[in-house]
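Asker: One predicted model, sequence on top.
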Amino acid sequence: MNYEQFLTNETLQNSLKGKEASPLEVRMVEELQTGENIIVESNRDNIATEAGIILSLADKSSTEARSLVITPTPNDIPQILTKCDVLPIELEVSEADGFNGEGSLSVKDGAPVILASFDTAAAKDIAALNITTVAFLGFSSGARIPGSEAFENFLETLKQVQVCFCAESIPLTLNAAINRHIRGESCKTVNLDKEQEVQLSHEYYDIGHDLLAKPEALATLFETGSDVRAIVFCNSPSDTDLLEVMLKKKGLKAKKLIGNIPDRAIHTTMESVRDGEIHILILTDVSGRAFPVEEFDMVVHYATPEDPEIYLHRLGQPDSSSRLKRVVSLIGSMDLGNFHFLKKVVEFDFTQKSLPSAEEIAQARFSRFQEEATSFTTEDSEIVEYADLIEKSGEQRSFTLYLLHQFLRTIPELESKASGKGRGGRRGREDHREERRRGRDSEERYERNEDGNEERRSEERPKPKPTRKDIRFYVGVGTEEGLTEDGFLALLKDTMGDAAPELKRSCLREKYSFFDFEQKSADEFFDAMKDIEYQGAQLELQKAAILSVPLEEEEIEDEESTPAEIKVEDVPAADASSEVASQEA
């Protein structure tokens, strides 16, 4: 907003014509016109704040209704004059404060705005000087402020005066007097920094534990989001690989970037985003450092970070001018621990949302298809002639179904087959995979014999060891609430008695815990414990993950005694303790 649009002083309007005002100046002129007391919360070193307040006072003041600006000490006056040096205003400064008249600011006796230190101001006759507004600048904690008694005595003389108190933080010694004499029912508090903070919507979606559950869910959100600009943060580069492939397969304009990205690549990428060539950036915390989050509509946490600080850092510092309004978290089974810890630490209200329905997804896809179709034009005479014939035939629906089948099914299938011709199509790829499998099952090795000659040996690849399935349960209390493994086992014994299953492993953290049980007894355990109370509140219990654990020696012997029941799955057989560490959320 230009100054001439809101200032009331004609001299100031002419002097500042065509120049842009700050939001604080606009707000202060508006608040000072009400005549009510004002408390301005601001950084003491903010030059624009104090200069803006003085300009607002100058707009209101006249020789019949003057304003008094008070600083803690005479040493603060030169700093104020420097900040106001470029303003077209007149100030009166007392010689008692040691002012020698230096500087380009217009200083003269009888000016509408008086600048004085606290001691000098306290000695003045407020009524005789026609002062109607008093502003305290720089009276923050750490400044050389007056004593509480002297300050309160001075405030007693300002009962018929509008008071503006500007500080970064109000000193404790002055707080009681300010509450009694300045704060009141009609007192206004102005903090533009807080008022301009963006109110972000923090949402989360419960996602299944399947490998493709998150990419599929994210794709549906973007498909129904009408070309939304988004940054997706992944905890690992491997997640970015899978996600980029899945989103592009859905026809979404996505691009992944990992590692330290050069400035030139960042600039090129952002140009593509602004031009609409890219809608979704898939980043890690390293690659996302230099990207302007405020230029995107949505930030997505593909996986919840372990450290809540990372969650906050990913959001940057959006202000009222930024596009960012929505923050989405995808919560899978392995995210439960980190997410519940996050909710306890940060002060955001998280809202659970449901994924779009099948009807909503279909409608969004159709709308996009309709937009592409209605915007298509061609000058190909043969195509135009066919279109005319179809319209005249009276069988438009049959033609529509046929063309849609060709467009949505046959053509993509042909393109998929064509992309595999380098290896002889589908059959060629299957043969290639079979050869590789055989090569792995019987790999040829060469070693030197005692005579130093090479001889070939064949080594069969060892078969994976049998595994069993364990279920990991998330419990929403931890050591901070006094939970121990023995205490949990006692609670389990009291609830289930002799039917209590064997605890395989446990991991207790400050805010939450994990307990592992065999899959065969997991449902019985969950049904018995899901409604149990702990320390007066219902125990939060959820299934978090399915673990593949190597069988013990005696278990293997039992399995081998009944070979028909052996069930070996293609899962890496890792040490149980290392798997617990890697799976902890």
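Answerer: Received, thanks.

Asker: Run through the stretch 151-300 of the chain and note the low-pLDDT ranges.
Answerer: 192-198 (pLDDT under 70).

Asker: quick one, domains of the chain?
Answerer: In the domain annotation for the chain, the residue ranges read 3-195, 201-359, 467-583 (automatic domain parsing).

Asker: how about these, which one is nearest residue 390?
Answerer: Residue 390 lies closest, by Cβ to Cβ, to one member of the domains of the chain: domain 201-359, at 26.2 Å. C-beta here means a position set from N, CA and C on the backbone, and glycine is covered the same way.

Asker: Distance from the chain centre to the closest one, please.
Answerer: Between the centre of domain 201-359 and the centre of its host chain there is 9 Å, according to Cα atoms, centre = their mean, to the nearest Å.

Asker: So which of the domains of the chain is nearest residue 396?
Answerer: Residue 396 lies closest to domain 201-359 among the domains of the chain, at 24.5 Å (Cβ to Cβ).

Asker: Endpoints of the closest one, how far apart?
Answerer: 25 Å (Cα to Cα, to the nearest Å).

Asker: isn't there a strand covering residue 232?
Answerer: Yes - the assignment for residue 232 by DSSP: H, G, I helix; E, B strand; the rest coil puts it in a strand.

Asker: Quickly list what it is bridged to.
Answerer: Note on residue 232: beta-bridge partners residue 282, residue 300, judged by DSSP bridges.

Asker: Which residue ranges of the stretch 201-350 of the chain form strands?
Answerer: All strands of the stretch 201-350 of the chain, identified by DSSP state E, counting those that start in this stretch, fall at 201-206, 230-233, 254-257, 280-283, 298-301, 326-331, 350-352.

Asker: can you list those strands in a markdown table and add distance to residue 470 and mean neighbour count?
Answerer: A markdown table is the format used below for those (distance: least, Cβ to Cβ, whole Å; neighbours: other Cβ atoms under 10 Å):
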| stretch | distance to residue 470 | mean neighbour count |
| --- | --- | --- |
| strand 201-206 | 22 | 18 |
| strand 230-233 | 30 | 24 |
| strand 254-257 | 34 | 21 |
| strand 280-283 | 32 | 25 |
| strand 298-301 | 28 | 24 |
| strand 326-331 | 22 | 20 |
| strand 350-352 | 28 | 11 |
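
Asker: can you redo those as TSV with distance to residue 487?
Answerer: What follows is those, written out as TSV (distance: least, Cβ to Cβ, whole Å):
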stretch	distance to residue 487
strand 201-206	29
strand 230-233	37
strand 254-257	45
strand 280-283	42
strand 298-301	33
strand 326-331	28
strand 350-352	29
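
Asker: Quick one, which of those gets closest to residue 359.
Answerer: strand 201-206 (18.0 Å).

Asker: Throw the domains of the chain into JSON lines and include distance to residue 402, thanks.
Answerer: As requested, these are exported to JSON lines (distance: least, Cβ to Cβ, whole Å):
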{"stretch": "domain 3-195", "distance to residue 402": "59"}
{"stretch": "domain 201-359", "distance to residue 402": "22"}
{"stretch": "domain 467-583", "distance to residue 402": "42"}
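
Asker: Residue 373 is nearest to which of the ones you listed?
Answerer: Closest to residue 373 of the domains of the chain is domain 201-359 (Cβ to Cβ; 14.7 Å).

Asker: which intervals of the protein have sub-threshold pLDDT?
Answerer: 43-48, 98-108, 192-198, 319-321, 408-409, 411-465, 552-585.

Asker: In contact with the residue sitting nearest the centre point of it, which residues?
Answerer: Centroid-nearest residue in the chain: residue 315, 3.7 Å away (criterion: Cα atoms, centre = their mean). For residue 315, the contacting residues are 200, 293, 299, 324, 327, by Cβ atoms under 8 Å, 6 or more residues apart in numbering.

Asker: Tell me the spacing between it and residue 293.
Answerer: Using Cβ to Cβ, to the nearest Å, residue 315 is found at 6 Å from residue 293.

Asker: Name the residues contacting each of the two.
Answerer: By Cβ under 8 Å, 6+ apart, residue 315 and residue 293 have these common neighbours: 299, 324.

Asker: and the closest residue to residue 65 other than its chain neighbours, backbone torsions?
Answerer: Counting by Cβ to Cβ, 6 or more residues apart in numbering, the nearest residue to residue 65 once its immediate chain neighbours are dropped is residue 132, at 4.5 Å. Backbone geometry at residue 132, expressed as degrees, to the nearest 10, gives phi -110, psi -20.

Asker: ok, residue 132 - contacts?
Answerer: Going by Cβ under 8 Å, 6+ apart, residue 132 touches 65, 66, 67, 161, 162.

Asker: I would like the residues contacting the helix or strand where residue 401 lies, please.
Answerer: If you go by DSSP states H and E, residue 401 is part of helix 396-405. By Cβ under 8 Å, 6+ apart, the residues outside helix 396-405 that reach it are 390, 393.

Asker: Tabulate the CA atom coordinates of that helix in PDB.
Answerer: Output in PDB follows, covering the C-alpha atoms of helix 396-405 (Å, rounded to 0.1, in the frame of the first residue of the first chain):
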ATOM      1  CA  GLN A 396     -21.400 -43.000 -31.100                       C
ATOM      2  CA  ARG A 397     -21.300 -45.100 -27.900                       C
ATOM      3  CA  SER A 398     -19.900 -48.100 -29.700                       C
ATOM      4  CA  PHE A 399     -17.200 -46.100 -31.300                       C
ATOM      5  CA  THR A 400     -16.500 -44.400 -28.000                       C
ATOM      6  CA  LEU A 401     -16.100 -47.700 -26.200                       C
ATOM      7  CA  TYR A 402     -13.800 -49.100 -28.900                       C
ATOM      8  CA  LEU A 403     -11.600 -46.000 -29.100                       C
ATOM      9  CA  LEU A 404     -11.300 -45.800 -25.300                       C
ATOM     10  CA  HIS A 405     -10.300 -49.500 -25.200                       C
END
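
Asker: one step back: for the strands of the stretch 201-350 of the chain, which one sits closest to residue 527?
Answerer: strand 201-206 (20.3 Å).

Asker: what's that closest one packed up against?
Answerer: Counting contacts by 3 or more Cβ pairs under 8 Å, 6 or more residues apart in numbering; DSSP states H and E, strand 201-206 is packed against strand 326-331, strand 350-352.

Asker: In TSV: these, plus distance to residue 410.
Answerer: Compiled in TSV, the helices and strands packed on strand 201-206 are given as follows (distance: least, Cβ to Cβ, whole Å):
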stretch	distance to residue 410
strand 326-331	34
strand 350-352	41
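
Asker: Which one, of those, ends up nearest to residue 185?
Answerer: Among those, the nearest to residue 185 by Cβ to Cβ is strand 350-352 (34.1 Å).

Asker: List the neighbouring strands of the closest one plus their orientation.
Answerer: Neighbouring strands of strand 350-352 in its sheet, by DSSP bridges, are strand 201-206 (parallel).

Asker: so the partner strand versus strand 326-331, what angle?
Answerer: Orientation of strand 201-206 against strand 326-331 (axes from the mean of the first three to the mean of the last three Cα atoms, to 10 degrees) gives an angle of 20 degrees.

Asker: Helices of the stretch 151-300 of the chain, residue ranges please.
Answerer: 172-181, 192-195, 213-223, 237-249, 263-274 (DSSP state H, counting those that start in this stretch).
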